[in-house]
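Engineer: structure, please.
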Amino acid sequence: MNPKTKAIIIVIVAVILFGLLVATIFGLFPDKDEEQDIYQDQISDIILPDRDADLPENAEFDSSNASEYTAVNPSSSLGSGQSSLEREAQDLAEFFIERYGTFSSDSNNAQIDDLLGFMTPSLQTEMQKNKLLQPDRSSHYEITTEIAGIETTEFSPANRMAEFAIVANRTEDFSGKIEQYQQEAVLILEQDRAGVWKVDSILWGDRL
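Structural biologist: Alright, predicted model coming up:
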């Protein structure tokens with residue numbers, strides 16, 4: 001084989017080897033678009049578990065066992081809040097104390113009449129008796145009440161009851177003489193047979 005032929009063969013072999021090398025490199029390192037397509041295919045094949053899959057069937061959670069619920073469902077808002085059932089009871093307690101604690105000498109016990117539908121039968125009877133004991137005032141009197149703070153002291157869905165400790169801001173007007181103070185109160189709520197919360201007891205406490 002003459003030198004010229006050898007040189008041609010060497011060049012051909014070198015070109016083939018270079019081509020194989022280039023093909024191998026591009027095969028091992030796909031372009032970015034191909035990488036993105038592969039990644040998207042992998043993501044679409046992932047099946048996320050149901051967020052409630054680990055929860056006990058028919059479980060009921062509230063603030064008393066929120067830590068247990070958070071342990072199996074960390075994304076839940078119960079870890080720092082209330083169940084919807086407890087929140088419903090608290091909303092009624094807040095509304096009730098503000099309306100019941102706001103009246104004037106001219107309101108003719110409207111603060112009681114307006115709230116009768118939110119009371120248990122036993123509290124309705126008690127309030128009707130209290131209306132007869134209201135003092136007659138010769139001068140104008142007015143008092144307003146607003147929630148300053150509220151805390152759940154007991155919540156038992158099994159017993160259909162809830163108890164709240166409240167601190168209220170109160171402003172009294174005795175014919176233009178204004179007095180402001182805070183006062184404690186305790187409200188006890190019960191659920192009727194239809195599952196509706198009703199106020200069963202209200203007790204005003206000490207001034208703060």
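Engineer: if I look at residue 181, how far off is residue 143?
Structural biologist: Going from residue 181 to residue 143 by Cβ to Cβ, to the nearest Å gives 11 Å. C-beta: built from backbone N, CA, C; applies to glycine.
Engineer: now for those two: what residues contact both?
Structural biologist: Here residue 181 and residue 143 have residue 170 as joint contacts, going by Cβ atoms under 8 Å, 6 or more residues apart in numbering.
Engineer: quick one: which of the two has more around it?
Structural biologist: Neighbours around residue 181 and residue 143, counted as other Cβ atoms under 10 Å, are more numerous at residue 143. The numbers are 16 against 11.
Engineer: look up which residues are beta-bridged to the more buried one.
Structural biologist: Note on residue 143: beta-bridge partners by DSSP bridges are residue 103, residue 172.
Engineer: wait, it touches residue 173, no?
Structural biologist: Yes. At 7.2 Å, residue 143 and residue 173 qualify as touching, with contact defined as Cβ atoms under 8 Å.
Engineer: and the strands in the protein, which stretches?
Structural biologist: Taking DSSP state E as the test, the strands found in the chain are 103-104, 141-156, 161-174, 177-191, 197-207.
Engineer: make JSON lines out of those strands and add mean pLDDT and distance to residue 14.
Structural biologist: What follows is the strands of the chain, written out as JSON lines (pLDDT from 0 to 100; distance: least, Cβ to Cβ, whole Å):
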{"stretch": "strand 103-104", "mean pLDDT": "92", "distance to residue 14": "104"}
{"stretch": "strand 141-156", "mean pLDDT": "96", "distance to residue 14": "84"}
{"stretch": "strand 161-174", "mean pLDDT": "97", "distance to residue 14": "88"}
{"stretch": "strand 177-191", "mean pLDDT": "97", "distance to residue 14": "90"}
{"stretch": "strand 197-207", "mean pLDDT": "97", "distance to residue 14": "89"}
